[in-house]
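# Predicted model and sequence follow; I will ask about them next.
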2 protein chains.
Amino acid sequence: MKNVEFKKFNTYYDKYGKLSPIEGEDTIPFAIKRVYYIYEVEENVRRGFHSHKNLEQALICVHGSVKILLKTPEEEQIITLDNPSEGLYIGPDIWREMYDFQDSAVLLVLASEHYNIDDYIRGYDEYEKYYKEKFKKKEK
Amino acid sequence: MKNVEFKKFNTYYDKYGKLSPIEGEDTIPFAIKRVYYIYEVEENVRRGFHSHKNLEQALICVHGSVKILLKTPEEEQIITLDNPSEGLYIGPDIWREMYDFQDSAVLLVLASEHYNIDDYIRGYDEYEKYYKEKFKKKEK
């Protein structure tokens, strides 16, 4: 799917446990300006429901599991994140919903910019309109 | 303790769960070049046993709990991390050991540089020698 990439991270593993490193502008294509984590989410919760104009993100489920719905007006994909050594790169213009948080899931997100409310598109109708407008422009 | 700071992060909390953001050069004093997480550590494991010459880090236990021993030739402190909305800033020249990983602990670490083997000091004797040499120099 365009602007989405499933990634496997190197993981160091010995009798002392596991360690997975992610380096900005190397393991992932952007510099990490912001990190956040989502936790204590009830299993029946669905969240996200937005797209970003410019923000790039990497999503890693570092404990438990969570499902991610990714959608554009042309494509749709559901990915289960349940392994800390795997992650999901999501570029701009992708609608996302997160749901089915299992086993006290902790979803770690690395982001390419500090928080910027103007970068969000909320509401699927508005997203669809924005998307079609943006890519119509590019086709000209 | 010098070069160590316990931090409380803003946490957004509603019926959809909790979210704690950390922004580089804002919430923490350095730009985030590298992120790693330690997991699947047996409860009887003790790890760390090193210091850094220049690296700055923030440690957050995003699931479960873990104890952190911080030490210099002059000071010693033990901190329990068991809350994702709290973290520990550790600057250069601090000896650290991590132990008592409980409840499938996941320790998230944000670091100010990419991996650099030359920045590590391993072995407490070597650390003590380096430390005394470094701070003797500064006193002159």
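Good, I have the coordinates. Here the structure is a predicted model, which means the values were calculated and not measured.

# CA only for contacts and neighbour counts going forward, please
Fine.

# Now do the contacts for the most centrally placed residue in chain A.
Nearest to the mean C-alpha position of chain A, counting by C-alpha atoms, centre = their mean, stands A:L59 at 4.3 Å. Counting by C-alpha atoms under 8 Å, 6 or more residues apart in numbering or on different chains, A:L59 makes contact with A:G87, A:L88, A:Y89, A:I90, A:L107, A:L108, A:V109, A:L110.

# if you look at these, which of them are in strands?
Among those, the ones falling in strands (DSSP state E) are A:G87, A:L88, A:Y89, A:I90, A:L107, A:L108, A:V109, A:L110.

# Mind pulling up the pLDDT for the third one?
At A:Y89, the pLDDT value in this model is 98.

# give me the beta-bridge partners of it?
A:E5, A:A58 (DSSP bridges).

# tally of neighbours for it?
Neighbours of A:Y89 under the rule other C-alpha atoms under 10 Å in any protein chain shown: 19.

# how far away is the residue of chain A positioned farthest from its centre from A:H52?
Centroid-distance maximum for chain A: A:K15 at 30.9 Å, with C-alpha atoms, centre = their mean. To A:H52, A:K15 is 41 Å away according to C-alpha to C-alpha, to the nearest Å.

# and if you look at A:W95?
8 Å.

# Could you pick out the residues of chain A near chain B for me?
Proximity of chain A to chain B, by C-alpha under 8 Å from any C-alpha of the partner chain, involves residues A:15-24, A:31-42, A:45-47, A:62-63, A:106, A:114.

# of the residues you listed, buried ones?
When the residues of chain A next to chain B are checked for burial by 16 or more other C-alpha atoms under 10 Å in any protein chain shown, the buried set is A:16, A:18-24, A:31-42, A:46, A:62-63, A:106, A:114.

# Keep only those of those residues that are in helices.
Counting by DSSP state H, these place none of their members in helices.

# If anything else comes up later, I'll come back, but that's it for now.
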